[in-house]
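> Kindly return the folded structure for what I paste below:
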Amino acid sequence: MSQEQEIRDKVRQGYAAIATSGGSCCGPKKSCCGAPSDSATQLAESIGYGLEDLNALPEGANMGLSCGNPVALAALNPGETVVDLGSGGGFDIFIAGKKVGAAGRAIGVDMTPEMLGRARGNIATYQQRTGLDNVEFRLGEIEHLPLADNSVDVIISNCVINLSPDKAQVWREIVRVLKPGGRVAVSDLALLQPLPKAISEMIEALVGCVAGAVLVTDTERMAKEAGLEQIHLSIKPGYVDSMTAINDPLYKRILEALPSGSKPSDYVASLEVNARKPEA
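Next up is the predicted model:
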């Protein structure tokens, strides 16, 4: 088995456990990227989601797996087609579907069947609450999107690209499926400096969105090499500080493995990426 496939399998297994049992790499009733599941709404509010949108979600769609708000970054318009890379339980798709309206389409892509089952199980509730029939969820890897060339207005992703073993290919796929002039809005975890080896080799840190992260400069380079332009990066260290402050088990282990006097946010931060595909 190749190293890339081994990483995918470990990530898939970790998120299947979250989808089916409510547990995760961080322990029972914890979200993979930090917050206790019973604080998922509080976490989402702290990173920019409106309470009205959160209260309208089907039960269980918000699993506390976010590290930013790509829906807000994308500034979606009615009638657009938006795709969420690594859509999980459907959290961002159900919010995005309301933004693009009846003339638009919101498509989630996830490689974990258990997550797709959870998201698809909530479509009926979404339809009842909104009167909209404009969301769907497709099985697929974000390195090989089940979408046609030049078919999408907007790509969003929330704390997922860091999990890919071939991030450059993900950025190339983003450009392939975007229409000319289409845009991408990503929230992810990124490195400010390389992680100590003890942390980069932790399985729970891989599934927990940390060990697979790359340097901010590498993210910018890959987006540019893929063909995107108007690339804007915004570093948000407050997310990691908040995860450390609540003594999340994963971040507690990371803190213990860091050099004395260091903290996780010296190494890791939430990163917002906005960019466009050229018109021509």
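
> Would you agree Met115 is in contact with Ile93?
No - assessed by Cβ atoms under 8 Å, Met115 is found out of contact with Ile93, at 11.5 Å. Heads up, the C-betas are built off the backbone N, CA and C, glycines and all.

> Touching both of those two, which residues are there?
Residues touching both Met115 and Ile93 comprise Ser87, with contact defined as Cβ atoms under 8 Å, 6 or more residues apart in numbering.

> the more surrounded of the two?
For Met115 versus Ile93, neighbours defined as other Cβ atoms under 10 Å are more numerous around Ile93 (29 against 26).

> I'd guessed the more buried one sits against Gly86; true?
No - contact criterion Cβ under 8 Å: Ile93 and Gly86 do not qualify, at 10.8 Å.

> For the stretch 51-200 of the chain, just list every one of the strands.
Ranges of strands in the stretch 51-200 of the chain, per DSSP state E, counting those that start in this stretch, are 81-85, 105-110, 135-139, 152-158, 178-191.

> Report the backbone C-alpha coordinates of the last one in PDB.
The one in question is strand 178-191. Output of strand 178-191 as PDB, limited to C-alpha atoms (Å, rounded to 0.1, in the frame of the first residue of the first chain):
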ATOM      1  CA  LEU A 178     -14.400  26.000 -11.600                       C
ATOM      2  CA  LYS A 179     -16.000  28.100 -14.400                       C
ATOM      3  CA  PRO A 180     -13.800  30.800 -15.800                       C
ATOM      4  CA  GLY A 181     -14.000  33.600 -13.300                       C
ATOM      5  CA  GLY A 182     -15.200  31.200 -10.600                       C
ATOM      6  CA  ARG A 183     -14.000  31.600  -7.100                       C
ATOM      7  CA  VAL A 184     -12.700  29.600  -4.100                       C
ATOM      8  CA  ALA A 185     -13.100  30.200  -0.400                       C
ATOM      9  CA  VAL A 186     -11.300  27.900   1.900                       C
ATOM     10  CA  SER A 187     -10.900  27.800   5.700                       C
ATOM     11  CA  ASP A 188      -8.200  25.400   6.800                       C
ATOM     12  CA  LEU A 189      -5.400  24.800   9.300                       C
ATOM     13  CA  ALA A 190      -1.900  25.800   8.100                       C
ATOM     14  CA  LEU A 191       1.600  25.800   9.600                       C
END
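
> I'd assumed Gly14 was in a helix, is it?
Yes - counting by DSSP: H, G, I helix; E, B strand; the rest coil, Gly14 is part of a helix.

> Show the pLDDT at it.
On pLDDT, Gly14 comes in at 70.

> Dig out what the residue positioned nearest the centre of the chain forms beta bridges with.
Taking Cα atoms, centre = their mean, the centroid of the chain lies closest to Asn158, which sits 2.1 Å from it. Applying DSSP bridges to Asn158 gives these bridge partners: Ser187.

> Let me know whether it touches Gly90 as I believe.
No - Asn158 lies out of contact with Gly90 (Cβ under 8 Å); the separation is 11.5 Å.

> quick revisit: quick one: the strands of the stretch 51-200 of the chain as a markdown table, columns for distance to Ala19 and mean pLDDT too.
Formatted as a markdown table, the strands of the stretch 51-200 of the chain follow (distance: least, Cβ to Cβ, whole Å; pLDDT from 0 to 100):
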| stretch | distance to Ala19 | mean pLDDT |
| --- | --- | --- |
| strand 81-85 | 16 | 98 |
| strand 105-110 | 9 | 97 |
| strand 135-139 | 12 | 97 |
| strand 152-158 | 16 | 97 |
| strand 178-191 | 20 | 96 |
